[in-house]
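In: Generate a structure from the sequence data that follows.
(chains A and B)
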Amino acid sequence: MTVAFSLVAVGGVLFAVGTALLLTRSLTRILLGAVLVGNGVNVLFLSTTGRTGDPPLLYPGTDPGRVTDPLPQAMALTAIVITLSVTAFLLAMVYRSWQLNGSDEVQDDIEDRRVALRAEETAERARLRDEYRKYRRQYATAARGTGGEGPARARALRARAEYEQSRTRLRRRLRADRVHRSDTTDATADLWDHVLGEDR
Amino acid sequence: MSLAQFLVPLPVVLPLFASGLKLTVGPRLQRTQRGISVVVLAAVLAISLALLVAADQQGPQVVHLGGWAPPVGIVLVADRLSALMLTVSSAVTLCVLVYSLSQGMADRDEVTPLSVFHPSYLVLVAGVSNTFLAGDLFNLYVGFEIMLTASYVLLTVGGTQARVRAGSTYVVVSLLSSLLFATAIAMVYAATGTVSLAQLADRTDALPAAVRTALEVMLLLVFGIKAAVFPLGAWLPDSYPTAPAPVTAVFAGLLTKVGVYAMLRTQTLLFPGGPLTTALMAVALLTMIVGILGAVAQSDLKRLLSFTLVSHIGYMVFGIALASVRGIAGAIFYVAHHITVQTTLFLVAGLVERRGGTSDLQRLGGLARLSPVLAAVFFVPAMNLAGIPPLSGFLGKLGLLRAGVADGGVWAYALVAGGTLTSLLTLYTMAKVWNLAFWRGAPPELAAGIVLETDDPDDGEERTGPGPAARPGEGDGDRGAAASLSGRAITTSVRPPGPMLGTTVALVALGLSFTVLAGPLTGLTGRAAAELLDRTPYVEAVLSP
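Out: Numbering: from 1, shown residues only, chains lettered A, B, ... in the order given. From the prediction side, this is the model:
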């Protein structure tokens, strides 16, 4: 089968650019990426017709051996219609997401957040505990040596205060995250009131 | 053209027609709207049964749409596998529709579901039917797209924050799989010059091995995303639980199984004896184990059920990977069983949510005493899912494990072990749900009657958003409202509305009937598997003029 190089090259570029856009975080860019890849697929469909030929119209005098294969064109047309409708839906969803969140970014998976947060929390706790223990040891040895007073004691006290402060900070952050999570499961303004208004 | 052939396109055409009719009728005539939906889906069920009988007795029923001669036009084919899938899926969709009608009426939330929910639901049914009946790859793609577009609408209905968040993941992943599918079709057409499954069955054998494998990998990737097998299925447990209970139920029952069906069809018809069986077995094993471990870690009923759904897809992929008559027959039986039981469990989750005001297992309790019917309706399908002996889950797993032992390879034995482990862990998760939600003592506010729980007990913060407070108890004493995973207020009631409970019981009974009718059903799945592996009946039925 002969394949037109220009079609394959164009298709390849569209796929590459579209894939790069699909990997981003913003839904609008993802949408653009999907449109580009969708068009890449359509070009790919066209490239399967092979060598260029006459239009596939059967008027008298047509040589059926020379016309282009019409089937890929039909499939590409169907694919165009499907991409169009899905794009329309996705646009509406992006808009709704922007209405609700003020941004159109894909949000974190709940499970991902939970796992990441737990790992972060345990690591942070372990770090603080180690630090506290180190200073306490220093403080203990210092206290035995000089009878209580001195720079070592001050450092240990400072470390303890720091530890307690950061623990409070961490707790506050965890609480804020919990609130945030419960907020995302909260009911928001009712769409049907916007759409239907008084008709409801 | 025989009568049965006349029936073949109807499962696709009728719901589409009804959907258009409902949009024309508009939201004013509620009773007509409900009538149309129920009558059409009941008709689809009856037609599917007739097709099943015809396909079993007379071989595949084929319709060439528009009267085009075999290799050119679009064909719809109902062989044993398609007809069986169609029958189970239409039974399930009918039950879920009645359930959702009852829920809508009980919630007095009538305008929303009827004007958006019903047409989308019917389009979804049409898409699923089209996928089951499609006789060429491109029509399969169109069926997928019809189904997916309807599912986007159903998943994000209401447009709350939680649903838009879950919906964006779902839509982007599905969109990607659609693009991959279109690419795969273009590649298939470039390699073979046809997209008709019957012609492909002849032509893929002649392809160079590398091209054939590339096409197989592309198609498996697409169907793997749809079926949510292990590395490709992470989107499912995040997006399904936020939808309304009936929507989640029908998605869980049908959409993943459509992927499994497409896998069954292409693996047997286009790529028999392909080089990827070992890879498929590895995928099946990982899907089972990773999925069920995810379920063990969950504390929300709907999320837990979503993870068991992912896990049990592994069993079906296992059967497909074995590619023996026993393996394929086991996979088909398991698909039929799993559609029913998973849908039932999600409907029960909806009832639990309705009674307890939440699907969070930490806050539920004592339902066995408060609502014995609900407990019974949960217990039977839960044990069925885990595979306790007389039930169909046991029969399906037994068939697959026997097929694995008969295969005798190292991977097959690994999968037999993995399947047993998954079954035990499923039993563990179901026991956990039973203990937490049903068996232990009820939390005080639940025992007192109504749940008006709004805030998380962990943080003492007051919620500010317009939430449950925006929907007060609406007057009559036994109704309350609570926040849910979906971000919409849940209406709670002490007694579940009759039709909601009735349809759930009907689905439980359907699950039990697989046990009672196990003899004829395994006979049917055996014949369907033999027909699939033989290939000639399908090819001849389609290509003969």
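In: Touching stretch B:382-392 from outside, list them.
Out: By Cβ atoms under 8 Å, 6 or more residues apart in numbering or on different chains, the surrounding residues in contact with stretch B:382-392 are B:308, B:312, B:333, B:337, B:341-342, B:345, B:380, B:393-394, B:396-397, B:423, B:426-427, B:430, B:433-434, B:511-512, B:514-515, B:518. The way it works is simple: take the backbone N, C-alpha and C, and place the C-beta from them, glycine included.
In: Quick one, which of the residues you listed are buried?
Out: With burial judged by 16 or more other Cβ atoms under 10 Å in any protein chain shown, the buried subset of the contacts of stretch B:382-392 is B:308, B:312, B:333, B:337, B:341-342, B:345, B:380, B:393-394, B:396-397, B:423, B:426-427, B:430, B:433-434, B:511-512, B:514-515, B:518.
In: Now, the contacts of stretch B:382-392 that are in helices?
Out: The helices, defined by DSSP state H, take in B:308, B:312, B:333, B:337, B:341-342, B:345, B:380, B:393-394, B:396-397, B:423, B:426-427, B:430, B:433, B:511-512, B:514-515, B:518 from these.
In: helix or strand right after the helix of greatest length in chain A?
Out: Across chain A, the longest stretch assigned as helix under DSSP H is helix A:110-146. The helix or strand immediately downstream of helix A:110-146 is helix A:151-184, counting by DSSP states H and E.
In: And that next one, what does it pack against?
Out: Applying 3 or more Cβ pairs under 8 Å, 6 or more residues apart in numbering or on different chains; DSSP states H and E, one finds that helix A:151-184 contacts helix A:110-146, helix B:161-192.
In: one more time with 6 Å
Out: Counting contacts by 3 or more Cβ pairs under 6 Å, 6 or more residues apart in numbering or on different chains; DSSP states H and E, helix A:151-184 packs against helix A:110-146.
In: The helix it packs on packs against which elements?
Out: Helix A:110-146 packs on helix A:151-184, going by 3+ Cβ pairs under 6 Å, 6+ apart.
In: mean confidence for the helix it packs on?
Out: The predicted model assigns helix A:151-184 a mean pLDDT of 70.
In: and the angle for it with helix A:110-146?
Out: 170 degrees (axes from the mean of the first three to the mean of the last three Cα atoms, to 10 degrees).
In: Any idea how far helix A:151-184 is from the middle of the chain?
Out: Relative to its chain's centre, helix A:151-184 lies at 30 Å (Cα atoms, centre = their mean, to the nearest Å).
In: name the element B:Val157 belongs to?
Out: B:Val157 belongs to no helix or strand when assigned by DSSP H and E.
In: Show the contacting residues for A:Arg129.
Out: If you count contacts by Cβ atoms under 6 Å, 6 or more residues apart in numbering or on different chains, A:Arg129 has none.
In: redo that, cut-off 10 Å
Out: Going by Cβ atoms under 10 Å, 6 or more residues apart in numbering or on different chains, A:Arg129 touches A:163, A:167.
In: Please report how far B:Gly193 lies from B:Thr256.
Out: Using Cβ to Cβ, to the nearest Å, B:Gly193 is found at 32 Å from B:Thr256.
In: who's more crowded, these two?
Out: Just comparing B:Gly193 and B:Thr256: by other Cβ atoms under 10 Å in any protein chain shown the higher neighbour count belongs to B:Thr256, 26 against 15.
In: How about B:Leu269, nearest residue that isn't a chain neighbour?
Out: Setting aside the residues directly before and after it, B:Leu269 is nearest to B:Ala201 in space (Cβ to Cβ, 6 or more residues apart in numbering or on different chains), at 5.0 Å.
In: Would you mind writing the CA trace of the one helix or strand the one you found maps to as PDB?
Out: Using DSSP H and E, B:Ala201 sits in helix B:197-206. Only the C-alpha atoms of helix B:197-206 are listed here, as PDB (Å, rounded to 0.1, in the frame of the first residue of the first chain):
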ATOM      1  CA  LEU B 197     -15.200  -8.600  12.400                       C
ATOM      2  CA  ALA B 198     -16.100 -11.500  10.300                       C
ATOM      3  CA  GLN B 199     -13.700 -10.500   7.500                       C
ATOM      4  CA  LEU B 200     -11.000  -9.600  10.000                       C
ATOM      5  CA  ALA B 201     -11.200 -13.100  11.400                       C
ATOM      6  CA  ASP B 202      -9.900 -14.400   8.100                       C
ATOM      7  CA  ARG B 203      -7.400 -11.600   7.400                       C
ATOM      8  CA  THR B 204      -5.600 -11.200  10.800                       C
ATOM      9  CA  ASP B 205      -4.300 -14.700  10.500                       C
ATOM     10  CA  ALA B 206      -2.400 -13.800   7.400                       C
END
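In: which parts of the following helix or strand past that helix are buried?
Out: For helix B:197-206, the following helix or strand on the C-terminal side (DSSP H and E) is helix B:209-227. If you call a residue buried by 16+ other Cβ under 10 Å, then helix B:209-227 has these buried ones: B:212, B:215-227.
In: Show me what helix B:209-227 packs onto, helices and strands only.
Out: In terms of contacts (3 or more Cβ pairs under 10 Å, 6 or more residues apart in numbering or on different chains; DSSP states H and E), helix B:209-227 is packed against helix B:137-155, helix B:161-192, helix B:197-206, helix B:235-239, helix B:256-269, helix B:277-297, helix B:301-322.
In: Save these as TSV, and put in distance to B:Gly404 and mean pLDDT too.
Out: Shown next, in TSV, are the helices and strands packed on helix B:209-227 (distance: least, Cβ to Cβ, whole Å; pLDDT from 0 to 100):
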stretch	distance to B:Gly404	mean pLDDT
helix B:137-155	29	93
helix B:161-192	29	90
helix B:197-206	27	88
helix B:235-239	25	87
helix B:256-269	17	93
helix B:277-297	9	92
helix B:301-322	7	93
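In: quick one: low-confidence ranges for the chain?
Out: All of this refers to chain A. Residues of chain A meeting the criterion pLDDT under 70: A:1, A:109-111, A:139, A:142-152, A:177-200.
In: Correction: the question concerned chain B.
Out: Using pLDDT under 70, chain B drops low at B:1, B:105-114, B:445-492, B:494, B:545.
In: Spatially, which residue comes closest to B:Val310, not counting chain neighbours?
Out: B:Gly291 (3.9 Å).
In: Tell me how many other residues surround that neighbour.
Out: B:Gly291, neighbours per other Cβ under 10 Å, totals 28.
In: ok, now which ones touch it?
Out: Applying Cβ under 10 Å, 6+ apart to B:Gly291 gives the contacts B:228-230, B:233, B:236-237, B:306-314, B:422, B:425-426.
In: what about B:Val62, which SS state?
Out: Using DSSP: H, G, I helix; E, B strand; the rest coil, the secondary structure recorded for B:Val62 is strand.
In: Beta-bridge partners for it, please?
Out: Counting by DSSP bridges, B:Val62 is bridged to B:Val77.
In: So it is in contact with B:Asp136, correct?
Out: No: at 11.9 Å, B:Val62 does not count as touching B:Asp136 under the criterion of Cβ atoms under 10 Å.
In: Measure how buried A:Glu131 is and give me the count.
Out: Neighbour count for A:Glu131, taken as other Cβ under 10 Å: 15.
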